[in-house]
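>>> below are the sequence and a predicted model for it; my questions follow.
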Amino acid sequence: MATSRLTPAYDLKNAAAAVYTPLPEQPHSAEVEIRDRKPFKIISAIILSSLLLLALILVAVNYQAPPSHSSGDNSQPAAVMPPSRGVSQGVSEKAFRGASGAGNGVSFAWSNLMLSWQRTSYHFQPVKNWMNDPNGPLYYKGWYHLFYQYNPDSAVWGNITWGHAVSTDLINWLHLPFAMVPDQWYDVNGVWTGSATILPDGRIVMLYTGDTDDYVQDQNLAFPANLSDPLLVDWVKYPNNPVIYPPPGIGVKDFRDPTTAGTAGMQNGQRLVTIGSKVGKTGISLVYETTNFTTFKLLYGVLHAVPGTGMWECVDLYPVSTTGENGLDTSVNGLGVKHVLKTSLDDDKHDYYALGTYDPVKNKWTPDNPDLDVGIGLRLDYGKYYAARTFYDQNKQRRILWGWIGETDLEAVDLMKGWASLQAIPRTIVFDKKTGTNVLQRPEEEVESWSSGDPITQRRIFEPGSVVPIHVSGATQLDITASFEVDETLLETTSESHDAGYDCSNSGGAGTRGSLGPFGLLVVADEKLSELTPVYLYVAKGGDGKAKAHLCAYQTRSSMASGVEKEVYGSAVPVLDGENYSARILIDHSIVESFAQAGRTCVRSRDYPTKDIYGAARCFFFNNATEASVRASLKAWQMKSFIRPYPFIPDQKS
């Protein structure tokens, strides 16, 4: 088992040219592995057990019961930073550390009403406990399957197991028993992220990363026990796992998250799998070839590498059509096709993507624009969003994207409410034929059927400095579409030099006024506007004198509570000649998802209000421009509540 690391002098050129030696093609088993272990591992195990025992003793000695949610006692435990989650095992930090000075002590008197309200009604999340990355999504015999990282024991990361849920419409979800648990030497420290591949003969294979008993990341194979079961309740792990082990020159904690296996350009039944890694500070993606999913050959070089981007997690490579609106199977390549390469950067916890060309003969992906390469250019989302994963839905010929939305409050508060994290609304990914430089991300078409009753519609002209209520009840669960028109000729006379370098995160938020913005909606707001989340467009004067739009979400006034993240998210939005400014906003209690210009730019905002909850939640138009009036058109639908528990099983489809 090779576990050597690259020396510091190992550069990108060598990384791209290196020939990694694959594992010998021989079976691995728990018995063989134990026999091969070196004697010092026994000593390590004893030391590790002693440290674990000591940690348990310290936890028991220092344990304090969580504060009462509803009492008037404001005495709180001292602020203590929670332990890192996942970093020691080589994965992204799973404990929120963004709020300045935020420890694990609860400095705000949360009530049961506040915490209960935060739970979403139409976003996917388990009944309780911790959830992170989406895994192995697929469509099979009438059912959409979603697997996900889950801790069955707590609302913080650990003991990572595969949760499993199914749906016929991507919204009514049925929770099933766990698909896989960490119970073998090769995954005892976590059944981590993976992907599903449906073979031409109907078989399903699942490749996933395991964390071994000595904290090595390996790749493993699992498959359904019974293909006649459309719910795929039972899963079997391959007895000779792991099927891929870290090759020489790759760190044992820098090797994870295999993609769906594709056949693009292959002539003899080979399939290719991509796995994320790094060489020093250079993010890379390795490619393996297989014909049977039990033996794999590491191909020469790397699929792609970008200096300075660090560890690549949850790599995804998939085709998009440049001519049609339909999605493409993972194996499609050729004319009228571009390939999206996406990665989650461990260093900054954001998901990046780029458009380019995939050459399977050379085992290379090349970006269309090197200035917008993976990790330095476009992001899937400019808010709280990570570990995204796509799959091809052969049912409706579309490519669907899932993404994880983590918490940005204190771990202690998550423990009080008993759950943490959710999945973003699934989205269709298509190539933006108008710009040719990005993809469009749209909420699934099924979202249209989730609404209740007729929409609230409004058409008005809003003067500069105006705030106008939108009279809609149930403002905690809404689907809003809005279109805006402004007089861009005002840019010819403006002298606002700061506009050319406008940036949402450094702008000062919705209170920073320009001649043409900001304008948009105040959501998750109370009547007195003591708490609110502005989602807005800012039209700035670019260096060429033309209008440049930005989609922003302003959290600074989203909550009276301390210890929660209050950032200004957002980015630029391409708006072409003849297009109105537009946004779609999905509100579901404590999550706000925003899509500008049909999904060219997306922003997820995670909010923790204390006043604008339940019947107190309101929604407003606002125009904070200094000169321009805004002509606005809006439709707002109330949204239903979903998700059903196991073992209720609706009629199965064959």
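Great, that's in hand.

>>> so where do the strands sit in the stretch 51-200 of the chain?
For the stretch 51-200 of the chain, applying DSSP state E, counting those that start in this stretch gives strands covering 129-140, 143-151, 161-167, 173-180, 191-198.

>>> chain center to the second one, what's the gap?
Distance of strand 143-151 from the chain centroid (C-alpha atoms, centre = their mean, to the nearest Å) equals 14 Å.

>>> so what does it touch, helix or strand wise?
strand 129-140, strand 161-167, strand 173-180, strand 191-198 (3 or more C-beta pairs under 8 Å, 6 or more residues apart in numbering; DSSP states H and E). The way it works is simple: take the backbone N, C-alpha and C, and place the C-beta from them, glycine included.

>>> that strand vs strand 161-167, what angle?
150 degrees (axes from the mean of the first three to the mean of the last three C-alpha atoms, to 10 degrees).

>>> so for strand 143-151, what gets flagged as buried?
Of the residues in strand 143-151, Trp143, Tyr144, His145, Leu146, Phe147, Tyr148, Gln149, Tyr150, Asn151 count as buried by neighbour count, 16 or more other C-beta atoms under 10 Å.

>>> dump those to CSV, plus distance to Asn506 and pLDDT.
Formatted as CSV, the buried residues of strand 143-151 follow (distance: C-beta to C-beta, whole Å; pLDDT from 0 to 100):
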residue, distance to Asn506, pLDDT
Trp143, 45, 98
Tyr144, 40, 98
His145, 42, 98
Leu146, 36, 98
Phe147, 38, 98
Tyr148, 34, 98
Gln149, 33, 98
Tyr150, 37, 98
Asn151, 36, 98
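
>>> number of residues surrounding the nearest residue to Ser559 once chain neighbours are set aside?
Excluding the flanking residues, the one nearest Ser559 by C-beta to C-beta, 6 or more residues apart in numbering is Tyr608, at 4.6 Å. Residues near Tyr608, counting by other C-beta atoms under 10 Å, number 28.

>>> so where do the helices sit in this structure?
In the chain, helices defined by DSSP state H lie at 12-17, 30-36, 40-62, 112-118, 411-417, listed in chain order.

>>> where among these is average confidence lowest?
Across the helices of the chain, helix 30-36 has the smallest mean pLDDT, namely a mean of 32.

>>> ok so, going back, just name the most buried of the helices and strands packed on strand 143-151.
Stretch with highest mean neighbour count among these: strand 191-198 (a mean of 26; mean count of other C-beta atoms under 10 Å).

>>> now the helices and strands packed on strand 143-151 in a markdown table, with mean pLDDT?
Listed next are the helices and strands packed on strand 143-151 as a markdown table, based on pLDDT from 0 to 100:
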| stretch | mean pLDDT |
| --- | --- |
| strand 129-140 | 98 |
| strand 161-167 | 97 |
| strand 173-180 | 95 |
| strand 191-198 | 98 |
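
>>> and Arg399, which of these is closest to it?
Nearest to Arg399, of all these, is strand 129-140, at 10.7 Å by C-beta to C-beta.

>>> hmm, which helix or strand of the chain has the shakiest average pLDDT?
Between all helices and strands in the chain, the lowest mean by mean pLDDT, DSSP states H and E belongs to helix 30-36, at a mean of 32.

>>> still on that earlier bit, save the strands of the stretch 51-200 of the chain as CSV, and put in distance to Ile376 too.
Shown next, in CSV, are the strands of the stretch 51-200 of the chain (distance: least, C-beta to C-beta, whole Å):
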stretch, distance to Ile376
strand 129-140, 23
strand 143-151, 27
strand 161-167, 33
strand 173-180, 35
strand 191-198, 23
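
>>> out of those strands, nearest to Gly517?
Nearest to Gly517, of the strands of the stretch 51-200 of the chain and by C-beta to C-beta, is strand 129-140 at 34.7 Å.

>>> per-domain residue ranges of the chain.
134-443, 453-639 (the TED database).

>>> those: lowest mean pLDDT?
domain 453-639 (a mean of 92).

>>> how close does Ala222 sit to Asp153?
22 Å (C-beta to C-beta, to the nearest Å).

>>> the two: who's more crowded?
Per other C-beta under 10 Å, whichever of Ala222 and Asp153 has more neighbours is Ala222, with 23 against 11.

>>> which members of the buried residues of strand 143-151 are the farthest-apart pair?
Going by C-beta to C-beta, the pair spanning the buried residues of strand 143-151 furthest: Trp143 and Asn151, at 24.9 Å.
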